[in-house]
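> mind folding the following:
(one chain, ligands or ions: 1)
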Amino acid sequence: MSNNSEAFEHWIRTSFVQMNTELEELYFAQEDRSRVTGSGDRIKHSLRDEGHTYVTALRAEGNTGFDSAFGVLGNVGMYLGALRRHELTNPAREERSPFPEASSLAIHCGASLGMAPRFATAHLTIHNRARAGLRKSFTSLKDEFLFIDENTRGILSLQRAADALTSIVHVGVSSPVADVMFAAAKHSLQEVIQSNRRLMERLDVERFFHCVRPYYKPYRVGRQEYRGANAGDFSGINELDLLLGLCRASDPYYGPLLVDKMLFMLPADQARLKECMTRRSLLDELLELLDAHRDADWFQRNARAFLEVCDLFGRTAAQHHDELVKRFIEQPAARLAEEPQGLTASGPPLPVLLRSLEVLRDLRVAADRADISTRHRDLARLRAAAAPR
Ligand code: HEM
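Got it, this is the predicted structure:
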């Protein structure tokens, strides 16, 4: 790492965290916790000006290789995310970012990597390198640490489940060795369920809503507004959707969603997702074999294991929507007099976002819905064929 990148990295891990934490404590102590303007101006200006010094030095230095470009993109993105959180910029009242140097640096790094010019989920989760036990974060609040850690565990487990299913693609769904991969996928999905449960039990609603979530708002880089990062910005979740056959890349709702998230993922994840889109799903493979082989032992065994994986995956999706989104976003938002601007990471008003997340849940649980194309009937056919007799 160059001296300039290391100096910026050090600042992001120390003073930046301290200043954000102080500001959060100030806002949180107010009667109206959503009010950001008018308090902590001295700290906000130090955060803006200190960050600017590092940004200017890096911009003059230029891009110095993948590791560094990815790290710098995360740091400049976190800096811009914090400026947005503290209302030093707001895309609704500006046509371009008031931080042209930081925007140029982010655009240079993002374009050279093939990623959106803002911090991505990977920066704070699966590529968030701990130094002596401490991972990167905006604040040192324990609820932010919990959120980052459980998101990371969830993502890692979903990735492992996706890896296991990808291995089945190569040997075929009728293979006698598919059993170990189905078992690995099941185990990993059970871990996702545990991780979601820990969030439900331990994450403080008020702290999350007022002090963690606001760092994930959309902001402008140059003229363009970019949506916020969310824990779904990795390919594993979509590999599971596609390999299980619950969602299809040709679906008019689901396909555009894949395109939208491509640039928010690591380049390696982008490649995985593209490859996955060329595969046939395990569900389609099983349905094709059903009529001729339904009584064969291997069919019974593998179809049942497949269905168990589908059920567990559906449970994780239902947990996300019915528990996490409801408890940590929908309910606290309903308690406010008016919806705070930029509440959702993706930008649309909350009811619109909730409806689209509901569609995703229903695709993943293969709900019986007439208005969207789920695999409800296909799964019912497979269940009937694989039911113990
Ligand atoms: C407190 C916990 C969580 C809350 C409140 C939450 C909330 C949300 C919201 C509101 C979105 C929509 C994007 C937006 O903000 O505009 C979203 C997207 C997403 N989240 Fe979470 N989330 C949480 C934790 C997790 C965890 C642990 C995972 C698993 C790794 C996860 C996976 C996803 C995925 C995959 C998406 C993209 C949409 C989809 O494909 O379902 N989330 N989340």
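> how about the residues of this protein near the ligand?
The chain has residues 150-151, 154-155, 158, 196, 199, 203, 230-232, 237, 320, 324-325, 328-329, 344-346, 353, 357, 360 near the ligand, with proximity defined as C-beta under 6 Å from any ligand atom. C-beta coordinates here come from the backbone N, C-alpha and C atoms, glycine included.
> now, the residues you listed that are in helices?
Among the residues of the chain next to the ligand, the members falling in helices (DSSP state H) are 150-151, 154-155, 158, 196, 199, 237, 353, 357, 360.
> return the closest of those residues with respect to Asn20.
Using C-beta to C-beta, Asn151 comes nearest to Asn20 of those, at 18.3 Å.
> using the three-state scheme, assign Arg220.
Put simply, Arg220 is strand when judged by DSSP: H, G, I helix; E, B strand; the rest coil.
> identify the bridge partners of it.
Beta bridges link Arg220 to Glu225, judged by DSSP bridges.
> what about it, how many neighbours?
22 (other C-beta atoms under 10 Å).
> center of this protein, which residue is that?
Of all residues in the chain, the one closest to the mean position by C-alpha atoms, centre = their mean is Ala231, 1.8 Å from it.
> indicate the residue of this structure located nearest to the ligand.
Residue nearest to the ligand within the chain: Gly232 (2.3 Å; C-beta to the nearest ligand atom).
> you'd agree that residue is up against Lys261?
Yes. Using C-beta atoms under 8 Å, Gly232 is in contact with Lys261, at 7.2 Å.
> what's downstream of the one helix or strand Gln18 maps to, the next helix or strand?
Element membership for Gln18, per DSSP states H and E: helix 15-29. The helix or strand immediately downstream of helix 15-29 is helix 41-61, counting by DSSP H and E.
> which other helices and strands does that following helix contact?
Counting contacts by 3 or more C-beta pairs under 8 Å, 6 or more residues apart in numbering; DSSP states H and E, helix 41-61 packs against helix 3-13, helix 15-29, helix 66-85, helix 100-113.
> so which of the ones you listed is the most packed in?
With neighbours defined as mean count of other C-beta atoms under 10 Å, those peak in mean count at helix 66-85, which reaches a mean of 23.
> could I have the CA atoms of the helix holding Gln18 written out in PDB?
The C-alpha trace of helix 15-29 is given here as PDB (Å, rounded to 0.1, in the frame of the first residue of the first chain):
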ATOM      1  CA  SER A  15     -10.300   9.500  13.900                       C
ATOM      2  CA  PHE A  16     -13.100   9.000  11.300                       C
ATOM      3  CA  VAL A  17     -14.700   6.300  13.600                       C
ATOM      4  CA  GLN A  18     -14.200   8.500  16.700                       C
ATOM      5  CA  MET A  19     -15.900  11.600  15.000                       C
ATOM      6  CA  ASN A  20     -18.800   9.500  13.600                       C
ATOM      7  CA  THR A  21     -19.400   7.900  17.100                       C
ATOM      8  CA  GLU A  22     -19.300  11.300  18.800                       C
ATOM      9  CA  LEU A  23     -21.900  12.600  16.300                       C
ATOM     10  CA  GLU A  24     -24.100   9.600  16.800                       C
ATOM     11  CA  GLU A  25     -24.100  10.100  20.500                       C
ATOM     12  CA  LEU A  26     -25.100  13.700  20.100                       C
ATOM     13  CA  TYR A  27     -28.000  12.900  17.700                       C
ATOM     14  CA  PHE A  28     -29.100   9.900  19.900                       C
ATOM     15  CA  ALA A  29     -29.300  12.100  23.000                       C
END
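> residues in contact with the closest residue to Tyr254 other than its chain neighbours?
Nearest residue to Tyr254, sequence neighbours excluded (C-beta to C-beta, 6 or more residues apart in numbering): Cys247, at 4.6 Å. With contacts defined as C-beta atoms under 8 Å, 6 or more residues apart in numbering, the neighbours of Cys247 are 238, 241, 254, 363-364.
> could the residues you listed be laid out in JSON lines, adding neighbour count and pLDDT?
JSON lines is the format used below for the contacts of Cys247 (neighbours: other C-beta atoms under 10 Å; pLDDT from 0 to 100):
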{"residue": "Asn238", "neighbour count": "24", "pLDDT": "98"}
{"residue": "Asp241", "neighbour count": "25", "pLDDT": "98"}
{"residue": "Tyr254", "neighbour count": "20", "pLDDT": "96"}
{"residue": "Leu363", "neighbour count": "24", "pLDDT": "98"}
{"residue": "Arg364", "neighbour count": "25", "pLDDT": "98"}
